[in-house]
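Okay, sequence plus prediction incoming.
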Amino acid sequence: MKKILITGGAGFIGSSLADRLLARGDAVVSIDNFNSYYDPAVKRANIAQALNHSQYVLVEGDICDEETVQTAFRTVEPEVVVHLAARAGVRPSLQDPNLYHRVNVIGSQHILDACRAYKPTHLVFASSSSVYGGITETPFHERMDISRPISPYAATKRMNELMGHVYSHIYRSEERRVGKECRSR
């Protein structure tokens, strides 16, 4: 049994993942704020089955609230974090870029900080094909130049990719240095 935390856990992907993980015997903590971008009634229907499972905990809250994130991590001390929560949509991001920055960048920063504190073995982050911007060559691949996103939404998802890389580089390297020092004594 693994302990897994899913952000955006009431959405279609998050709830489907939770159902599969519960079926194989894992414990799942799901965070979702049930905002109105997707119909909250549909999201509640998505998790109806999971709510009856003894290994499922729903934290109804926003990843923009650091205490909500910390509470969720304390609840399960996850071995794996699947970060799906985001404000979605290219066109709406043009109308309210500050909202997209707050949710997708600041909210995701709270997830990264909690991962740093609780040290899960894995963080899976859902990015977006929007990071490829105006690139017309297909298929997309990871070696493409994605340094020029063309929407606030794409820019926030790219920022998350970059911060994930930074945290992995700094804090995994830090743990390896500390581990080597302890072994050499």
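Sure thing, it's come through.

what about residue 152, distance to residue 158?
Distance of residue 152 to residue 158, given as C-beta to C-beta, to the nearest Å: 11 Å. Using the backbone N, CA and C atoms, a C-beta is placed for each residue, glycine as well.

Please read the previous query as pertaining to residue 148.
Separation of residue 148 from residue 158 (C-beta to C-beta): 10 Å.

And the two? Which one has more around it.
Taking other C-beta atoms under 10 Å, residue 148 and residue 158 do not tie; residue 158 has more neighbours (20 against 11).

Tell me which stretches of the chain form helices.
Secondary structure of the chain by DSSP state H: the helices cover 12-23, 40-51, 66-76, 90-95, 97-100, 108-118, 152-167, 173-184.

what angle separates the second one from helix 12-23?
When axes from the mean of the first three to the mean of the last three C-alpha atoms, to 10 degrees is applied, the directions of helix 40-51 and helix 12-23 differ by 10 degrees.

Same question for helix 40-51: list its buried residues.
Under the neighbour-count criterion of 16 or more other C-beta atoms under 10 Å, helix 40-51 has 43, 46-47, 50 buried.
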